[in-house]
Every structure is written in C-alpha cells, then in structure tokens.
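J.: Provide a 3D model corresponding to the input given below.
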Amino acid sequence: MPSFHKLALAAAVVAAASLVPSAHVGTVGIAHAAEMTDAEKKAEAAAASAAADEMAEAAAPYAPPEGSSAFEYEAEVHKMLDIVINSLYTNKDIFLRELISNASDALDKIRFLSVTKPEMLGETKDLEVKVEYDPEAKTLTIRDTGIGMTKEDLVANLGTVARSGTTNFMKALKESETNDVNMIGMFGVGFYSTFLVADRVTVASKNNDDATQHVWESLNGEASFHVGPDPRGNTLGRGTEITLHLKEDADEYLSPYKLKELIRHYSEFVTHPVSLRQIKTERVPVEKPEDEFDEENEEEPKGEDEEKKEEGEGDEDDLEIKVEDIEEEKEPEMEEITTYEYEQINTDPAIWARDKESITDDEYQEFWGVLNKEGGKAADWTHFNAEGNINFKSILYVPEEVPWALQQGQLEQMSNGLRLYVRKVLISDEFDLMPRYLSFIKGVVDSDDLPLNVNRETLQESKIIKIIKKKLVRKAIEMISKMSKAPMPEDEPEEAEIDADGNVIEKDEADKPKKVHPYIEWYKKFGLSLKMGCIDDSANKDKLQKLLRFKSSKADGEDEFTSLKDYVDRMKDWQKEIYVFPGESIKTLKESSFMDAFLDRDVEVLYLTDAVDEYYVSNVREFDGKKFRDITKEGVKFSDEDEDMSKRRSKVYAETFKPLTKYLKKLYGSDVSRVSISKRLGRAPAIVSSSEWGQSANMDRIMRAQAFAHGVAPGENQMPTGILELNPRHPFVVKLLESLPEDDEAEVPESTKDAAWILLDMATMSGGYPIRDPKKYAARMTRVLKGSLGVDSLDLADEIDPPELDDEPEEPEFGGPDFEMPEGMDAFNMEDMMEDLDI
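T.: This next block holds a predicted model:
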C-alpha cells in the first residue's frame, strides 16, 4: 500500500492508543515516556506499523488475482453451502480427507498415463501429497504432483456443483428412493467442504497440456469465482495446490498435532506418500562475516616489554600469570532460525489390497497391531475379495484376548472394530458393520462402489451397507468355524533328557500335560458372545450352535468340552431330547439330587453355568430337531422303561400316598403349587422342581440379582412357587405317611409337622431355591436340636462370677547361688578398661 496511507494509519493507531482518561496520566507516565530508549521507540513504531498493516488489510476490499476473469455461479451458493454443511457433513474435520482423496485420485491418473507415456512425468518424478500450515498467514496448503488442471478444467471441475444447479441437486436427493446417494460424488461436493473451515480458497494448478499455470479463487458465500494465470508463474511444474485462508474459529487446523491426527485417521492407508511440513525453531550461533572475523584475530604490534618477556629478559614478577590477564572466552552470540522438515504420516501399508498369497503371517500380525490398540495377538484372520452386486476387499481378525469393555460386560462401550474405506480413504470407523455379538471382530473393508462424499448417517441406512454387513457376518462365522475344525497342532520337539550313563530318558505319556485345542482356549473367553448370537441372529442360529461348547456329565474337566453335535451322536437309542441342567457351578450340579436318575441310566446331561444359557435355551429351544429339556422342571420322562408297568406303578403310588400328598398341600399352603409323586428321584426323599413353562430356580436366582430391577424393594422379590416331588421309595416319606393319623380330623403331632416342614426345607434347597422363611426354619431346627440333645429348657445358665485379680502382680523373685568375686578382681574397674581400649 502507499507509504502515505500507511503512515496515516500508523498515526491513527498511535492517536487511538493515546486517547485515555487524563486521570490515568501521571508523573510516572511522563517520566517513562521521557526515559524511552531509541530501541524501545523503534519497537513501538514497528508495532504501530504492523497494526496499521492489519487494519489496512481488514479494511481493504477483496481483490481477485491479477489478470483473472470472473465466472458467475448459476445456482445460489448460500443454498449449496447449506447442503454441504447441514446435509452432508456433520464433522468439519473431513475437509482434509476430501482434499487428500482428490489429490490421490489425481496422482493415480498421472501414474496410469505414465505407464504408456513415461515422458508425462517430466522432471516431477515423485508422486506425493504435501501438507503445509502457516500460523502467521493463517493458511493451510495441500499440494500434490498429480495430473493437474487446465484453465478449462478449473472452470468445469470446480463449478460443477453450481452449474448442475442446487434445484437439480436437491431433486436428485429426494428422488433417490433407496437413499442411494451415489450421485453426490458426481457433483464435486467434496471440494466444497473446504468452506466449512475457510473464508477464501485459492487453487493453483498446472497440467501438461497447458503451458500456463492458472489459479482459481473464491470467497465463502460469494456468487462468483475467479480464474486466471498465476501471477507467480509456473511454481508447481505439474499438479495442484489448494490454499485455505482459514476462518477465525478454525485455528485448530494450524496445529501440527491436529493435522497429523487427521491425516493418520482418514488417510493412513492412501497409496501415495502424504507428508506434513513441520516448522521448528532452533537457536544457533550467529555466523559472522569473514572480514569481521579477520579483524578480531589480527595481532597488534608488540612493545619492548612484550619482546623482553618473550626473550626472558623481564622481571621475575612478570613471569607470574595474573588471572586478569587471561581473557575469558566469550559465549557465542545466538540467534533463532526457523527450519522446515517434511514427515511422512501414512507409513502403514494397506495390505488388504495385496494378493493374500504374498503376505506372511508376520505381516498380518503387524497389521493387526495397527488396528488393535489393546495389545495382544490375533488368534486368526480371513482375507477375501467379495464379488457380486457389491465388490469389496476385507481383512477380518479374531483377537486372542477379550477386549476390556467386553470383560466388564459393557457392550455399549465396545468400539466398532471395523473401518470402512473407499479406495483406501477412511469413510468412518463408526459404522455398525458387525452385530453386537461379533463386536470383538476387528478389520478393514474397502469398496470402490461406495460414495465418498456422504455423511455417516445417510450411508448407514443405504442398501449397500446392509449387503456388506451380511457378507461380513457370514465370513466371520466361517472364520470361527474354521478355527473349531482345525487339526490339533503338533507338539514342538523337546530336548531329550540323558541320564548319568548317557542313555535317553523316555518320558511316560501319562506324565505329559494333556493338550488343549486352540479353539477351546479361545472359546472359554468368547463363548458367551456366540451364545448371544444364537439369541439375536436367527438367520445364522444353526451355524452358531455348531460352534458352541458345553461342560457335561461326561466332559466336566477343566479343558473338557462337548459340542451339541457330539452330544447328539452319543444319545441313547431311546433318548429323544437333549437334557440340560442350568445352575451356578459344576460342583453344585454334579452333586444335585436331580442327577441321580441320569447317572443311574448313564445318560449325559449338559451343564449350563453361564447366566446367558437360560436365555439361550428358552429362545432357541432345539438343535438338529432335538428339543432341550431342563431336568429341573417337571415332565422329565425316560423311555427305557416298560410304559405299561410305569403307568401301573404311578397309579398305585398315587393312590397309596394320597393322604400324605393331601395333608402336605394343606400344611404348606401357598409355599408349593402342587405335591406329587415323583417318577425320577433316585436317593433323595423329595425335591422341589418348577413347572414345565415356569421359571427355573437358576433363572429365579439370576432375576433376583438384577441390579436395576425397578418397582421391587430389595429383599421383597416375590418367591416362586415350585412343585414338591416325593420319592415313594424313600424311608423318610414312607415313615411320614405312617405318622399321619387315620382320622383326617385328628390333630397331627408337632413332631410330624416339624418333620414335614424339614422335608420341604431339604427339598427346597436341593432344588436350588432359597428358604422362604429363615426365621421359621431356625425355630424348627432349634426344636430338632432340643429333642436330639435332650435339652429340657432353653433358659440360659446363670452368669459366672470369677474372683477378683490384683491389678499389678508382684514381680517374682528368682533365687540363685551366691557368687564370690575371684581373687585379684576386687580392684577391677570396667570404665578404666574401656578408656584403655579407646572405646
């Protein structure tokens, strides 16, 4: 700007600064002004000049690039930007992803053309993207060495959105019945995401077909843009340079840490190198001119005294070196310099784009480390190309260790493990590409059939994503199935042990630890998720059930499990159902009275000790046409018995024990729903079971443990009412029947009532239910103990009255033989001896 205007603005700044209340100007201020040095005056003048420059720049109207021509948008830019900000992008960080993606496409084009025409690369051989930030100018620049654009390309490519018309654009969105917004990419909306963060955008580009480098520029919200020759000349050689003049609230994009994070997040696997220019400030010694250095080192003429000193003719005192004569070495003068250094950000390879035959296991594990932030190795993986209506490439991983959030059962905190890419550019890592039961699966999906310029919410609902998700789930289940069918790994050769005679010691096979299949080790950690999948995913229920493993009465070791298929293969010929036993622990289930009849018949029972098992059995209900039968519920029948004999026995037992069942139902009241004669009890006198369609004791325990059960006060949960099954062959039951008076109206002895209640207590606990009334239970047990121990009264004995003891007992006197000092030791003095020893 002219110096006259600049001086006028500087004077205005100084004048504005001086307009303060007179009361604030005192003698101190006047003295301070008078004492200002020349350096301080120069600094103040420089500050005023800088402020004037800023004011002038802010006040000056926008001036388009010199020699450029204006082109009017055919559509209203305000509406277009409203679409970009409000309809397409919910996160303004993606502008950098869009620009790097466009740069990568331009680099791919020139690389493709150079295969047949190598001369097209010219002197610019390196195909790369560079990102630069300038905190002082508040600009962000993205530069590539791609194919570049001519003047006509700049007008056409960067005006496509508006030339297509906002009306047509909105109409295309509304007419898309399936929300398939592939047309968005055709409108070039991605470039206009720059206006989310920039007030002005400048694009310089050079194409081999155009001898001149041109520049395109537009203001945010303006209805036109300008295109013309670049006043700087040909600075690119070939390629495109996009400079964003950032908004006031977009200063975060001037931070190298923020830029590095965004590049690594969105463009980590872009094929071409993406480098960020780092600005560093260092302090280095000031380099002095050579003539100044020579003057300092020039020797002054020597005097007579100095010559004498050299010849040794001086005084002896002159030979003494004085401290003040030693010239201290001066510290070098330092200055700050700014250096620029490029750092490549996308150093991780996109191995999913390579042929899987060329990738080693170590490379797969290294890539797993890139995806997984919790450490550990991958248990297995699958690498595939999906072809059909939708084509995509993918790598899916199964972890060895359970993620922390899954360990805590916090599924809502499980991060989505799959990243969705379009031509190696990250679209999002927040898509629900896996159901919740496979949330531990991690990997990448890269498709060329997806639109790049669309927000996550719109794409999530598209048919493309649904098709991809279906294929990914199928591949994940196949991968886990392959793990379950893998052969047992061979033992690593062990070093042979040699005895004293040099003979090899042969180890007994029984001493070797039992080998565990890798799938069993993995299943013990992730089995709950597969059971959840059987409940949630009805379409893949049959496939998932084949992957389940259970403890059973024939496989209850620490690492022993059985599959449902193996169980069905071992079923008895007469067996029609799969018997399951839900409970809290294997030990409790093995010792339960419910197991007696099954152990006697050598019938296998599956132990269900996971809380989700109850939901699994009640939802799935069957496997391979065989229904699940909970042995803690009524209705368990064995078909190995003579059916006619069984019916006749049941009829006789029911008639014989009818007085007892009738009396017990009256005695227990609502504590039991029914009293019946059992057909399956072995050694237990009685047991409480649940109805076939009711809630089992284990399910009741789970429900009562719900932390967020609303509407029920703690401890006031309604207790379930079970069925009391009596064993007609047990002596307790037979004796109880005999204890009843023949007359129904006669009073039953209290001892018989207590025995009946204790029988119910035993049956209740054996069935897995809690005691309904602990206080009454304690009273009954007290009466039993009283009679067993022959105690007549429960009155407490008198309190004891021990004798008083002295507070401080006398010290005991120890007697011993008198000791006489030996002769000559009378004058012995210990202190004199210590002094002699100097201690």
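J.: look at the closest residue to Asp624 other than its chain neighbours and give its secondary structure.
T.: Spatial nearest neighbour of Asp624, excluding adjacent residues (Cβ to Cβ, 6 or more residues apart in numbering): Val568 at 5.7 Å. (Each C-beta comes from the backbone N, C-alpha and C, glycine too.) Secondary structure state of Val568, per DSSP: H, G, I helix; E, B strand; the rest coil, is helix.
J.: tell me who's in contact with Val568.
T.: Ile578, Phe623, Asp624, Lys626 (Cβ atoms under 8 Å, 6 or more residues apart in numbering).
J.: next one: Val617
T.: Val617 touches Val580, Pro582, Leu608, Phe628, Asp630, counting by Cβ under 8 Å, 6+ apart.
J.: equivalent analysis for Lys356, please.
T.: His383, Phe384.
J.: per-residue confidence at it?
T.: Reported pLDDT at Lys356 in the predicted model: 89.
J.: where's it relative to Glu72, distance?
T.: 53 Å (Cβ to Cβ, to the nearest Å).
J.: over to Glu261?
T.: 39 Å.
J.: for the two, indicate the residue with more neighbours.
T.: Higher neighbour count among Glu261 and Glu72: Glu261, with 13 against 10, using other Cβ atoms under 10 Å.
J.: can you tell me the SS state at Lys130?
T.: Classified using three-state DSSP, Lys130 is strand.
J.: check contacts around the residue nearest to it when sequence neighbours are not counted.
T.: Among residues not flanking Lys130 along the chain, Arg143 sits closest, at 4.7 Å (Cβ to Cβ, 6+ apart). Contact partners of Arg143, counting by Cβ under 8 Å, 6+ apart, are Val129, Lys130, Val131, Glu132, Leu236, Gly239, Thr240, Glu241, Ile242.
J.: per-residue pLDDT, Arg143?
T.: The predicted local confidence for Arg143 is 94.
J.: which stretches of the stretch 51-200 of the chain form helices?
T.: Taking DSSP state H, counting those that start in this stretch as the test, the helices found in the stretch 51-200 of the chain are 77-82, 94-116, 151-157, 160-164, 166-175.
J.: pLDDT on the shortest one, on average?
T.: Averaged over helix 160-164, pLDDT sits at 46.
J.: over to the longest one?
T.: The average pLDDT within helix 94-116 is 88.
J.: got the buried residues for that helix?
T.: 94-104, 106-108, 110-111, 114 (16 or more other Cβ atoms under 10 Å).
J.: what does that helix contact?
T.: 120-121, 127-129, 131, 142, 144-148, 190-191, 193-194, 196-197, 238-240, 242, 244, 253, 259, 262-263, 266-267, 270-272, 274, 422-426, 452-453.
J.: so which of those are in strands?
T.: Under the assignment DSSP state E, the contacts of helix 94-116 contribute Val129, Val131, Ile142, Asp144, Gly239, Thr240, Ile242, Leu244, Val274, Val422, Val425, Leu426 to strands.
J.: show me the contacts for the first one.
T.: By Cβ under 8 Å, 6+ apart, the residues touching Val129 are Ile100, Ala103, Ser104, Leu107, Ile142, Arg143, Asp144, Val270, His272, Pro273, Val274, Ser275.
J.: from Asp134, how far out is the spatially closest residue to Ala137 that is not a sequence neighbour?
T.: Nearest residue to Ala137 in three dimensions, chain neighbours excluded: His245, at 8.0 Å (Cβ to Cβ, 6+ apart). Plainly put, His245 is 10 Å away from Asp134 if you go by Cβ to Cβ.
J.: looking at those two, which has the bigger crowd around it?
T.: Between His245 and Asp134, counting by other Cβ under 10 Å, His245 is the more crowded of the two (18 against 14).
J.: that one reaches Val197, doesn't it?
T.: No: using Cβ atoms under 8 Å, His245 is not in contact with Val197, being 9.8 Å away.
J.: which residues are in contact with both of these two?
T.: Common neighbours of His245 and Val197 (Cβ under 8 Å, 6+ apart) do not exist.
J.: and Ser447, backbone torsions?
T.: The phi and psi values for Ser447, taken as degrees, to the nearest 10, are phi -130, psi 140.
J.: grab the nearest non-local neighbour of it.
T.: Ser447 sits nearest to Phe392 (Cβ to Cβ, 6+ apart), 3.6 Å away.
J.: state the helix or strand in which the residue most central in space within the chain lies.
T.: Residue closest to the average C-alpha location in the chain (Cα atoms, centre = their mean): Ser415, at 4.8 Å. Assigned by DSSP states H and E, Ser415 belongs to neither a helix nor a strand.
J.: phi, psi of it?
T.: Per degrees, to the nearest 10, the backbone of Ser415 is at phi -70, psi 150.
J.: distance of the closest residue to Met149 other than its chain neighbours relative to Gly787?
T.: Using Cβ to Cβ, 6+ apart and skipping residues adjacent in sequence, the residue nearest Met149 is Ser205, 4.1 Å away. Relative to Gly787, Ser205 is positioned 104 Å away (Cβ to Cβ).
J.: looking at the two, which is more packed in?
T.: Under the neighbour definition other Cβ under 10 Å, Ser205 and Gly787 were set side by side, and Ser205 has more, 28 against 11.
J.: mind listing the strands whichever helix or strand the more buried one is part of pairs with, and their directions?
T.: Here Ser205 is covered by strand 198-206, with elements defined by DSSP H and E. Looking at strand 198-206 with DSSP bridges, its partner strands are strand 214-219 (antiparallel), strand 239-246 (antiparallel).
J.: what sits up against the longest one?
T.: Which is strand 239-246. So strand 239-246 is contacted by 95, 99, 103, 106, 124, 137-149, 194, 197-206, 235, 253-254 (Cβ under 8 Å, 6+ apart).
J.: next one: the shortest one
T.: If you take Cβ under 8 Å, 6+ apart as the criterion, strand 214-219 is touched by 62, 64-65, 68, 149-151, 154-155, 158, 199-206, 224-231.
J.: ok, now with 7 Å
T.: 62, 64-65, 68, 151, 154, 158, 199-205, 225-230 (Cβ atoms under 7 Å, 6 or more residues apart in numbering).
J.: from those residues, keep the buried residues only.
T.: Among these, the ones that count as buried by 16+ other Cβ under 10 Å are 64-65, 68, 151, 154, 158, 199-205, 225-230.
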